[in-house]
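In: no sequence for this one, just the structure:
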């Protein structure tokens with residue numbers, strides 16, 4: 001939402017003028033006559049026709065009345081409820097008399113807006129005087145900038161997080177609406193005085209300088225006790241509900257800086273306003289005032305230089321509450337009409353107010369510096385990242401307050417105390433380890449012995465320092481890697497290595513690369529404990545000669561390879577035959593029968609077996625050898641079967657089994673003994689010849705003939 005509203009309204013009917021200059025002068029002149037169709041300075045843009053062309057003659061600023069200001073504040077609160085809250089701090093005089101319904105509204109802006117935190121507090125007010133419309137627009141624009149910039153603008157976000165900011169854009173709501181609607185020169189509030197005149201000058205109604213000097217008391221120089229005077233100070237100090245509201249707000253808080261906007265004069269003013277004597281804090285006030293003037297381009301001076309006053313807000317806030325109070329007189333007129341002029345005034349003075357909010361953290365602005373050269377990248381280390389920072393402060397550094405605040409990859413911020421080990425200006429801490437490719441953000445916080453907060457970077461955590469964790473891309477500092485020259489492939493076997501500086505190599509992985517016999521096998525191995533890596537290889541690797549290398553990888557890049565070490569995978573364990581059994585199998589097909597004896601061999605520890613032989617004979621005949629060739633790399637093969645064709649007449653089978661690997665032979669039964677299996681003749685059942693079949697067929701025919709004859713006889717009866 002913009003802070004000002006330039007726009008067009010329907011133009012009135014006019015004859016063409018010879019030049020645009022003449023038109024502008026004429027319009028300006030009409031503005032001073034009642035009944036003119038040229039609007040008052042709070043109108044919008046006037047568009048005229050000159051030489052047949054449309055042109056903008058004057059962009060009049062659309063000043064907001066009280067109702068619009070109230071709506072804007074409530075809209076800000078609704079849009080940003082976490083950081084802004086509207087408070088009704090009191091009534092206007094007309095509301096107190098039940099004439100109108102105008103409240104004194106304050107907008108608080110802070111990161112924990114509903115809480116009272118131990119943060120510097122700032123008060124910014126405007127429109128003590130009804131005709132000074134521009135001042136309200138400045139404070140409203142300031143509010144908009146703060147809430148809209150939160151989370152995106154580094155400085156604004158930091159100010160909201162580290163300050164409690166109170167804004168009162170309209171101290172005199174009755175007067176504002178009256179000046180906008182009826183009398184644009186009106187200054188005071190709308191108090192109906194006893195003499196039937198109206199108004200009290202609210203900036204003469206505060207309780208003087210409150211410093212014990214009677215010359216600075218309420219009702220003194222620069223104020224009037226005559227009700228119809230523009231500087232009428234009221235019946236007594238804080239007689240008006242509007243100033244009571246500001247008084248109570250100040251007394252309820254610990255404001256360190258206040259700015260009260262007025263118009264006009266292009267001046268930055270500070271107490272005292274009643275005397276040329278300096279305040280006890282004149283050095284600070286004049287320095288800050290000059291800083292404000294360097295931002296908005298205004299002359300900075302003690303308030304009395306403009307003219308003497310008593311009962312104004314700045315003298316009372318400083319004298320009574322110790323607030324560094326400033327009055328800023330903006331612009332060259334009470335309420336300029338030109339939108340460009342108003343926008344310029346608003347822009348420079350919102351920046352001035354932001355500086356005031358910032359300075360509120362240390363009004364003395366004493367030396368306090370945090371010096372650190374940020375890192376852009378750091379090699380991974382399992383031990384973390386040491387960080388040093390130099391801190392100096394005129395009032396001394398509170399050592400217990402120095403912290404390193406850090407976060408990796410956007411996680412939650414963590415805090416680590418920093419230690420001043422050497423007694424000098426250097427403080428040290430160690431950031432925890434983070435993975436390669438991570439982004440580590442960090443910043444420093446410290447307080448001096450006056451409690452003033454300093455951060456580095458200035459607006460941290462917004463714009464914090466950061467660095468990328470990179471791979472060290474170097475070989476390990478030391479590796480202990482040895483393997484036996486020969487392993488028994490019949491069993492699990494292992495390779496191991498120790499890498500001494502594993503903690504400095506992030507997520508380091510190690511793998512053994514075994515190459516030989518025409519192929520290569522890569523084995524990724526986890527770290528088992530500490531710096532030790534162990535590879536366990538199950539049975540199944542082909543017997544033969546290999547070269548074994550150890551490779552170390554960091555962040556996906558190989559940082560070290562060992563030389564190849566020879567390895568022989570052999571079979572050093574004799575096979576064991578755990579059982580042999582035989583069974584007779586008969587397969588019938590029509591009148592033919594095939595007879596087999598199946599011999600099943602069960603083996604254990606048979607890794608590397610190359611040959612299985614069955615040696616047998618039947619009925620004392622010649623010995624026969626049947627051979628099966630085995631896959632020496634098939635560690636899961638533990639059983640073999642043989643089939644022996646036998647005759648129908650029965651007999652006795654004698655047999656033994658031999659299992660052979662590359663260097664050993666196992667027999668079953670042991671030695672040259674054999675096992676026997678007796679098988680019986682084939683049983684085909686009773687035999688029926690051709691004559692018997694013929695007799696059976698003939699008898700069957702006779703039986704059928706007799707049966708038919710009997711049936712015929714029965715039917716005839």
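Out: Looks like it arrived, so ask away. What you are looking at is a predicted structure, and each value in this text was computed from that prediction instead of being measured.
In: now do the helices in the stretch 351-500 of the chain.
Out: Counting by DSSP state H, counting those that start in this stretch, one finds no helices in the stretch 351-500 of the chain.
In: how about low-confidence regions in it?
Out: 473, 490-491, 500 (pLDDT under 70).
In: OK, contacts around residue 682?
Out: 586, 593, 595, 648-650 (Cβ atoms under 8 Å, 6 or more residues apart in numbering). For glycine as for every other residue, the C-beta is placed from the backbone atoms N, C-alpha and C.
In: let me have those in a markdown table, extended by pLDDT, distance to residue 175 and neighbour count.
Out: Formatted as a markdown table, these follow (pLDDT from 0 to 100; distance: Cβ to Cβ, whole Å; neighbours: other Cβ atoms under 10 Å):
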| residue | pLDDT | distance to residue 175 | neighbour count |
| --- | --- | --- | --- |
| 586 | 81 | 124 | 13 |
| 593 | 80 | 128 | 13 |
| 595 | 85 | 127 | 16 |
| 648 | 81 | 133 | 13 |
| 649 | 85 | 137 | 10 |
| 650 | 85 | 134 | 15 |
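In: okay, and which of those map to strands?
Out: Counting by DSSP state E, the contacts of residue 682 place 586, 593, 595 in strands.
In: right, and the second one touches residue 648 too?
Out: Pointing back at residue 593 there. Yes. Taking Cβ atoms under 8 Å as the definition, residue 593 is a contact partner of residue 648 at 7.0 Å.
In: shouldn't residue 327 be within a strand?
Out: Yes. Judged by DSSP: H, G, I helix; E, B strand; the rest coil, residue 327 forms part of a strand.
In: identify the bridge partners of it.
Out: residue 260, residue 269 (DSSP bridges).
In: hmm, it is touching residue 314, no?
Out: Yes. Using Cβ under 8 Å, residue 327 is in contact with residue 314, at 5.0 Å.
In: what touches both of these two?
Out: In contact with both residue 327 and residue 314: 260, 269-270, 303, using Cβ under 8 Å, 6+ apart.
In: same list, the residues you listed, but as a markdown table with neighbour count, distance to residue 451 and pLDDT please.
Out: Putting the shared contacts of residue 327 and residue 314 into a markdown table (neighbours: other Cβ atoms under 10 Å; distance: Cβ to Cβ, whole Å; pLDDT from 0 to 100) gives the following:
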| residue | neighbour count | distance to residue 451 | pLDDT |
| --- | --- | --- | --- |
| 260 | 25 | 27 | 98 |
| 269 | 28 | 29 | 98 |
| 270 | 27 | 24 | 98 |
| 303 | 27 | 30 | 97 |
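In: going by distance to residue 71, which of the ones in strands among the contacts of residue 682 wins?
Out: residue 586 (106.4 Å; Cβ to Cβ).
In: contacting residues for that closest one?
Out: By Cβ under 8 Å, 6+ apart, the neighbours of residue 586 are 593-596, 682.
In: would you point out the most distant pair within the residues you listed?
Out: 596 and 682 (12.4 Å).
In: would you map the helices across this protein?
Out: 20-30, 66-79, 93-96, 133-148, 154-162, 173-181, 241-251, 282-296, 313-321, 339-359, 690-716 (DSSP state H).
In: select, out of those, the one closest to residue 420.
Out: That would be, of these and by Cβ to Cβ, helix 154-162, which comes in at 24.3 Å.
In: kindly report the domain assignment for this structure.
Out: For the chain, automatic domain parsing gives the domain ranges 1-62, 66-359, 368-470, 479-570, 576-679.
In: winner for burial among the ones you listed?
Out: A comparison of these by mean neighbour count, using mean count of other Cβ atoms under 10 Å, puts domain 66-359 on top with a mean of 21.
In: now do the end-to-end distance for that domain.
Out: Start-to-end span of domain 66-359 (Cα to Cα, to the nearest Å) is 30 Å.
In: pLDDT wise, what is residue 674 at?
Out: If you check residue 674, the pLDDT there is 87.
In: next one: residue 516
Out: 68.
In: residue 573 now?
Out: pLDDT at residue 573 comes out at 72.
In: is it true that it touches residue 488?
Out: Yes. Under the criterion of Cβ under 8 Å, residue 573 makes contact with residue 488 at 6.1 Å.
In: stretch 170-189 - what's its average pLDDT?
Out: 97.
In: give me the below-cutoff pLDDT ranges for the stretch 551-700 of the chain.
Out: 554-557, 572, 605-608, 630-637, 662-663, 684-700.
In: quick one: the strands in it?
Out: 557-561, 565-570, 576-589, 592-604, 609-618, 624-629, 639-645, 651-661, 665-668, 675-679 (DSSP state E, counting those that start in this stretch).
In: got it, and the stretch 351-500 of the chain?
Out: 368-371, 377-379, 385-393, 403-408, 414-417, 426-431, 439-447, 453-456, 465-470, 479-482, 486-488, 493-499.
In: list the neighbouring strands of the third one plus their orientation.
Out: In other words, strand 385-393. Using DSSP bridges, the strands paired with strand 385-393 are strand 368-371 (antiparallel), strand 426-431 (antiparallel).
In: how far does the shortest one sit from its chain's centre?
Out: Strand 368-371 has its C-alpha centroid displaced from the chain centroid by 28 Å (Cα atoms, centre = their mean, to the nearest Å).
In: do the longest one as well
Out: Distance of strand 426-431 from the chain centroid (Cα atoms, centre = their mean) equals 24 Å.
In: give me the residues contacting that strand.
Out: Residues contacting strand 426-431 (Cβ under 8 Å, 6+ apart): 383-391, 399, 402, 404, 406, 416-421, 440, 442.
In: orientation of that strand relative to strand 439-447 in degrees?
Out: In terms of direction (axes from the mean of the first three to the mean of the last three Cα atoms, to 10 degrees), strand 426-431 departs from strand 439-447 by 140 degrees.
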